[in-house]
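Chemist: just need the structure, nothing else, for what follows:
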Amino acid sequence: MQKLLDRHGKALAFPLSIPYFRWILIIGFTAATVASIVAAFLMSLDFATHYRLAHPVLLFALPLAGASIVLLYNSFGRMSAGGHSLVVEDLSFGPRRVEGRMAPLIFLTTFLTHLFGGSAGREGTAVQIGAGIGHTFARFTRLSDEDRNLVLHITIAAGFSAVFGTPLAAAVFALEIVPRLRVRIEKVLPVLASAYLAHYVCGLWTIHHTVYRIGSLPEGLTLASWNWRFMGKIAIAAVIFGCCSQAFNFSLQALKSLWFRISSKNWVHPLLGGTVIIALVYLSGTRDFLGLGVISSDHKAVTIVNAFIPGAVTNWSWFWKFLFTVITLSAGFRGGEATPLFFVGACLGATLAGFFGLPTDLMAGLGFVAVYAAALNVPLAGAFMGAEIFGFKFLPHFLAVCFIAKYFAMSKRTLGLLQKVPFYRSKS
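Modeler: Residues are numbered from 1 along each chain as shown. Below you'll find the model as predicted:
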């Protein structure tokens, strides 16, 4: 154990089996590596999205792309098919469950999911890339289990920070996803350092994150002019956001179970799910709910950005994205949940704004973070993400809606730990 002294001369425990100054090099190397790979991943998603928009016919290959993804994991994935849940279990319970192969597999399969039109995100991919790289580094440097656990926290924070450009939220997320609160104070500084370094390195690769804005708070919603009627409306909206998150978790699990009841061969699931997605495109009459939902070739399309504009999304836009996403992820396609949940939350918030008579941009921003935070059971990370994206003057509002939504989501487990139906169960 190395002992560091704080400014008062009090010893701080630092759980290292090697001199602490080497951890500066470890944090620098791993954070820069993860950030660079995530930057390449973001570039690949940008290419996949634009290529799919330019070649709409790719959608019809979505079922075959999904079957290829599942067969790839069946052949080479081993435990890595557990995805986000595997990372959470490794951090929480051990033993060493994350594998190095997790990083390239999730990179490739998420790219394929987006190229052919699956409705998925990118946060889960960045987290798994970070975990895979962290495991590989720890294995080659022969770190102890305790040091390896710290490295995983460091690389997960780096991945999250690079993909969203929110380093403070990334550090909180890396610590908050451990469900048993097995977080020691000495992990905070390394995780923070990794998150901010990754954010800086990702910027060097000229990665630009989408800008979302909330206008000024109206009278009655600021802390200086508290109005219980307005705050009550926001509290009710937070309850609805939490129920939406719980419905998302429940639907994801129910559909996974349904696919296995239909067929024990897991490669059949994306064939069915991809076909349903194609049918939903024609039923909804739009392709706006495919992919990330951040950009579109049509400036009037339903996107996350447009959800902040009054009248730009319909009252059912949130439901369509909800449906597209749970079908995509439950059927075995790969990607994160965060960005689709941002979409669902922002559109649901915009819809509620009309009912409650509140500003569209404010309600969209609150839904943006609350649905995500409640679904993954990370209210602090969600609140700080909202503050970093929209401004710290909104932090009290984000804290309130995230914790209310989390409470009413009635979920004591993260979305990752809810993913207990393994895609690798069948090798048929």
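Chemist: OK, contacts around Lys300?
Modeler: Counting by Cβ atoms under 8 Å, 6 or more residues apart in numbering, Lys300 touches 306, 312. C-betas here are computed from N, CA, C, even on glycine.
Chemist: A strand includes it, no?
Modeler: No: using DSSP: H, G, I helix; E, B strand; the rest coil, the assignment for Lys300 is coil, not a strand.
Chemist: quick check: phi and psi at it.
Modeler: phi -100, psi 0 (degrees, to the nearest 10).
Chemist: output the below-cut-off pLDDT ranges for the stretch 51-200 of the chain.
Modeler: Applying pLDDT under 70 to the stretch 51-200 of the chain picks out residues 94-95, 179-184.
Chemist: and with 90 instead?
Modeler: 77-99, 144-146, 177-187 (pLDDT under 90).
Chemist: now His209, nearest residue through space, not along the chain?
Modeler: Gly165 (3.8 Å; Cβ to Cβ, 6 or more residues apart in numbering).
Chemist: verify the stated contact: the one you found with Cys202.
Modeler: Yes: taking Cβ atoms under 8 Å as the definition, Gly165 is a contact partner of Cys202 at 7.3 Å.
Chemist: those two - which one has more neighbours?
Modeler: Taking neighbours as other Cβ atoms under 10 Å, Gly165 and Cys202 compare with Cys202 leading, 28 against 21.
Chemist: could you check how far that one is from Val34?
Modeler: Separation of Cys202 from Val34 (Cβ to Cβ, to the nearest Å): 9 Å.
Chemist: what's the overlap in contacts for those two?
Modeler: In contact with both Cys202 and Val34: Ala162, using Cβ under 8 Å, 6+ apart.
Chemist: can you spell out which helices and strands pack onto the strand or helix carrying Leu283?
Modeler: Under DSSP states H and E, the secondary-structure element containing Leu283 is helix 268-284. The helices and strands touching helix 268-284, judged by 3 or more Cβ pairs under 8 Å, 6 or more residues apart in numbering; DSSP states H and E, are helix 62-72, helix 228-262, helix 317-330.
Chemist: so how far is the last one off the chain centroid?
Modeler: When you say that, I think you mean helix 317-330. Distance, stretch centre to chain centre, for helix 317-330: 15 Å (Cα atoms, centre = their mean, to the nearest Å).
Chemist: which is the next helix or strand following it?
Modeler: With DSSP H and E, the next secondary element past helix 317-330 is helix 338-356.
Chemist: list the buried residues in whichever helix or strand comes after that next one.
Modeler: Toward the C-terminus, helix 338-356 is succeeded by helix 360-376 as the next helix or strand (DSSP H and E). For helix 360-376, the neighbour count (16 or more other Cβ atoms under 10 Å) marks 360-376 as buried.
Chemist: and the residue nearest to Ala157 when sequence neighbours are not counted, which helix or strand is it part of?
Modeler: Distances taken as Cβ to Cβ, 6+ apart place Ala174 nearest to Ala157, at 3.8 Å, with adjacent residues excluded. Here Ala174, judged by DSSP H and E, is contained in helix 167-176.
Chemist: does Leu53 sit in a helix, a strand or a coil?
Modeler: The assignment at Leu53 comes out as helix when based on three-state DSSP.
Chemist: so how far is His55 from the closest residue to it other than its chain neighbours?
Modeler: Once flanking residues are discounted, Leu53 sits nearest to Ser297: 4.8 Å by Cβ to Cβ, 6+ apart. To His55, Ser297 is 12 Å away according to Cβ to Cβ.
Chemist: same check on Lys406?
Modeler: 40 Å.
Chemist: so between these two, which is more surrounded?
Modeler: Lys406 (25 against 10).
Chemist: that older thread, export the helices and strands packed on helix 268-284 to a markdown table and tack on mean neighbour count?
Modeler: Shown next, in a markdown table, are the helices and strands packed on helix 268-284 (neighbours: other Cβ atoms under 10 Å):
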| stretch | mean neighbour count |
| --- | --- |
| helix 62-72 | 21 |
| helix 228-262 | 18 |
| helix 317-330 | 24 |
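Chemist: all set now, cheers.
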